[in-house]
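Asks: I would like to see how this sequence folds:
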Amino acid sequence: MKLEKQISGLCKLSRYITDFLEKNPENYTEIDEEFSSVLRKSENENPWFTAENQKFALTQWANLLQEENIKNWLSVYEPSKNPKKVGLILAGNIPLVGLHDVISVILSQHIPLIKLSSKDKTMLPFLLNKWNLFSEENVSFEFVERLQDFDAVIATGSNNTARYLDYYFKDSLSIIRKNRTSIAVLKGDETPEELALLAQDIFRYYGLGCRNVTRLFIPEDFLIDRLFESFIAFKNVINHHKYANNYEYNRAIYLLNQERFWDNNFVMLKEDADLFSPLSVLNFTRYKNLGEVESFIAENDQNIQAIVAKSELGLDSIYFGEAQNPALSTYADHVDTMAFLEVI
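Replies: Take a look at the predicted model:
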């Protein structure tokens with residue numbers, strides 16, 4: 001009964017989000033104004049969290065949190081009959097990045113002890129309180145400044161932070177996540193529409209997420225100009241002062257070091273073998289045969305979150321434009337969070 005009420009509450013939360021997003025601000029009620037003020041506060045606290053990007057994240061979650069989606073996702077797992085306290089150390093690189101962990105813990109019938117990121121501390125509590133209200137107060141969670149008295153931990157951080165977390169939680173049941181990024185592999189015959197979708201995978205959230213593409217593989221004869229043409233829809237990223245600062249800094253470094261790069265005044269392409277690229281830069285490699293790409297993927301598997309490509313290339317990939325639309329059953333670092341929670 002409790003799980004059913006939680007699922008019902010999530011569906012009501014989805015409708016609440018959708019109703020708000022579809023309204024014209026001129027028609028906001030007092031309840032809508034409350035939601036709008038949370039959006040503004042989040043952006044004031046973290047300038048990367050623009051209203052546009054927050055609304056994009058909210059839209060994706062509203063679309064996911066449908067009864068059929070939730071029940072299909074949960075159908076292969078057994079809820080716990082012995083609730084445990086699960087510590088969650090959340091990231092704050094993109095809006096609502098920690099919501100999946102929180103939902104997973106609660107629907108597993110455990111209690112999350114949530115340590116919010118200082119970069120994302122407003123929207124999540126707001127939505128959780130609404131979920132609890134819509135679930136007839138059947139959603140249990142705690143916000144904490146320091147984890148203690150927990151039974152298991154799920155933590156996300158940088159590679160440096162992860163080393164500390166691995167040591168700190170070495171005697172605890174845990175999932176410790178590290179830096180990851182995503183790549184795209186072009187076949188060469190992509191349409192302008194497909195390349196425009198690829199641009200979404202690159203620029204959404206300013207490229208700050210682990211599912212953002214930061215590394216491209218292109219055929220030897222592929223024209224760089226085709227990429228720049230497809231990026232035009234995101235030219236306004238340069239108007240964000242933090243993004244612009246990164247762009248200007250990286251451009252100055254490349255010029256000073258006399259490094260070769262391609263530039264369209266808001267993003268740079270650099271022929272570089274590194275998987276990770278600086279913000280405002282895309283690394284790319286020209287490949288002769290797919291075996292080269294497959295070798296790179298095998299060598300960097302622990303650092304790759306998603307591969308964007310056409311299915312006919314035979315890679316374990318997702319289609320263009322889908323990088324920021326993961327399913328409920330898509331797990332960070334490819335570690336099944338629900339299976340972990342099932343056995344703690």
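
Asks: now K121: how far from E312?
Replies: According to CB to CB, to the nearest Å, K121 and E312 sit 44 Å apart. Every residue, glycine included, has its C-beta placed from N, CA and C.

Asks: higher neighbour count, those two?
Replies: K121 (16 against 8; other CB atoms under 10 Å).

Asks: Contacts only, for the more buried one.
Replies: Residues in contact with K121 (CB atoms under 8 Å, 6 or more residues apart in numbering) are 45, 92.

Asks: And the average pLDDT for stretch 140-154 is what?
Replies: Across stretch 140-154, the average pLDDT comes to 97.

Asks: how much space between E248 and N303?
Replies: Distance, E248 to N303, using CB to CB: 27 Å.

Asks: Just give me the neighbour total for the residue nearest to A152 when sequence neighbours are not counted.
Replies: Beyond its immediate neighbours in the sequence, the residue positioned closest to A152 (CB to CB, 6 or more residues apart in numbering) is L173, lying 4.1 Å away. Number of residues near L173 (other CB under 10 Å) recorded here: 16.

Asks: of E248 and N303, who's got more company?
Replies: Ranked by neighbour count (other CB under 10 Å), E248 and N303 place N303 first, with 17 against 12.

Asks: thought the more buried one was touching R177?
Replies: No. Distance between N303 and R177: 11.6 Å, which falls outside the contact criterion (CB atoms under 8 Å).

Asks: one step back: got a list of what the residue nearest to A152 touches?
Replies: Residues in contact with L173 (CB under 8 Å, 6+ apart) are 151-153, 340, 344.

Asks: quick one: which of those residues is most hemmed in?
Replies: Of those, with other CB under 10 Å as the count, V153 tops at 22 neighbours.

Asks: sorry, back to before: and of the contacts of L173, the nearest to Y254?
Replies: Distance to Y254 across the contacts of L173 (CB to CB) is lowest for V153, with 40.4 Å.

Asks: roughly how far apart are the closest one and P125?
Replies: Distance, V153 to P125, using CB to CB: 20 Å.

Asks: What pLDDT is listed against N160?
Replies: pLDDT, read off for N160, is 88.

Asks: Tally up the residues packed near it, please.
Replies: N160, neighbours per other CB under 10 Å, totals 10.

Asks: Quick check: phi and psi on it?
Replies: Backbone torsions of N160, given as degrees, to the nearest 10, read phi -70, psi -40.

Asks: where's it relative to K178, distance?
Replies: According to CB to CB, N160 and K178 sit 9 Å apart.

Asks: mind listing the strands for the stretch 151-300 of the chain?
Replies: Counting by DSSP state E, counting those that start in this stretch, the stretch 151-300 of the chain has strands at residues 152-156, 173-177, 181-185, 213-219, 262-263, 268-271, 281-287.

Asks: Just give me how far the first one sits from the chain centre.
Replies: It refers to strand 152-156. 17 Å (CA atoms, centre = their mean, to the nearest Å).

Asks: Quick check: which helices or strands does it pack against?
Replies: Judged by 3 or more CB pairs under 8 Å, 6 or more residues apart in numbering; DSSP states H and E, strand 152-156 is in contact with strand 85-89, helix 99-107, strand 173-177, helix 337-342.

Asks: Just the CA trace of it, in CSV.
Replies: Provided in CSV are the C-alpha atoms of strand 152-156 (Å, rounded to 0.1, in the frame of the first residue of the first chain):
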residue,chain,number,x,y,z
ALA,A,152,24.9,1.9,2.9
VAL,A,153,26.2,4.8,0.8
ILE,A,154,25.8,6.1,-2.8
ALA,A,155,28.2,8.9,-3.5
THR,A,156,29.1,10.9,-6.6
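
Asks: How much space separates the nearest residue to L58 once chain neighbours are set aside from T59?
Replies: Nearest non-adjacent residue to L58, counting by CB to CB, 6+ apart: I17, 5.2 Å away. From I17 over to T59 the distance is 8 Å, taken as CB to CB.

Asks: how about A309, what does it touch?
Replies: 184-187, 315, 317.

Asks: Tell me which residues are up against the helix or strand of the chain with the lowest mean pLDDT.
Replies: Within the chain, no helix or strand scores below helix 159-168, which has a mean of 90 by mean pLDDT, DSSP states H and E. Residues from elsewhere that reach helix 159-168 (CB under 8 Å, 6+ apart): 89, 155, 157, 174, 176-179.

Asks: domain parsing for this protein?
Replies: 2-179, 181-313 (automatic domain parsing).

Asks: got CSV for those, with distance to A332 too?
Replies: What follows is these, written out as CSV (distance: least, CB to CB, whole Å):
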stretch, distance to A332
domain 2-179, 6
domain 181-313, 7
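
Asks: Go through the ones you listed and name the closest to V335.
Replies: domain 2-179 (5.5 Å).
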